[in-house]
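# Okay, sequence plus prediction incoming.
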Amino acid sequence: MGRHAGFWQVTGDALDHALPCTGVDPALRGPLMQAYLALDAYPEVPDTLRRLREGELRIALLSNGEPRMLATAAQSPGIEGMFDVIPSVEEVGIFKLSAALIRAATSTRHRSLPP
């Protein structure tokens, strides 16, 4: 506790523990990890983001995911180009919700998607 490890590491460690405990084939670890890079948005998300955008609000994608996961998620069909800022918990080394992460998410240095 109080030590940061990236989401990818924490998730992999959790799977390494859970797969043998549940009798699930350990060969599924790789595909399960890769599935995090292709998560679909909930069905109501695209319309909700469009409505927020129409209200001229800035929109952030805030998640415990790592930068590559967030960049991939932000390009999902129906939500691509909708986010003004995509801060990563990796910038502050602590999972949401923390005051440090909220400050990072609202800082002016976040203006566009990561490369």
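Alright, I've got the coordinates. Numbers count the residues shown, from 1 in each chain.
# Only the buried residues of the longest helix belonging to the chain, if you could.
Across the chain, the longest stretch assigned as helix under DSSP state H is helix 7-22. By neighbour count on 16 or more other C-beta atoms under 10 Å, the buried set for helix 7-22 is F7, W8, T11, G12, L15, L19. To be clear about C-beta, it is placed using only N, CA and C from the backbone, and glycine gets the same treatment.
# doesn't L28 make contact with the last one?
If I follow you right, that is L19. Yes. In this structure, L19 is within contact of L28 by C-beta atoms under 8 Å, at 6.9 Å.
# Give the helix, strand or coil label for L49.
Following DSSP: H, G, I helix; E, B strand; the rest coil, we place L49 in the helix state.
# I figured it hits E80, correct?
No. Using C-beta under 8 Å, L49 is not in contact with E80, being 10.2 Å away.
# ok, those two, which is more surrounded?
A count of neighbours by other C-beta atoms under 10 Å puts L49 above the other of L49 and E80, at 19 against 11.
# Run through the helices of the chain in chain order.
7-22, 29-35, 45-54, 67-73, 99-106.
# For S88, which of these is the nearest?
Closest approach to S88 among the helices of the chain is made by helix 67-73 (4.6 Å; C-beta to C-beta).
# Please tell me the pLDDT value assigned to the residue lying farthest from the centre of the chain.
For the chain, the largest distance from the centre (C-alpha atoms, centre = their mean) belongs to G23, which lies 28.2 Å off. We have a pLDDT of 94 for G23.
# just to revisit the earlier point, closest one of the buried residues of helix 7-22 to V85?
V85 has its nearest neighbour among the buried residues of helix 7-22 in F7, at 18.4 Å by C-beta to C-beta.
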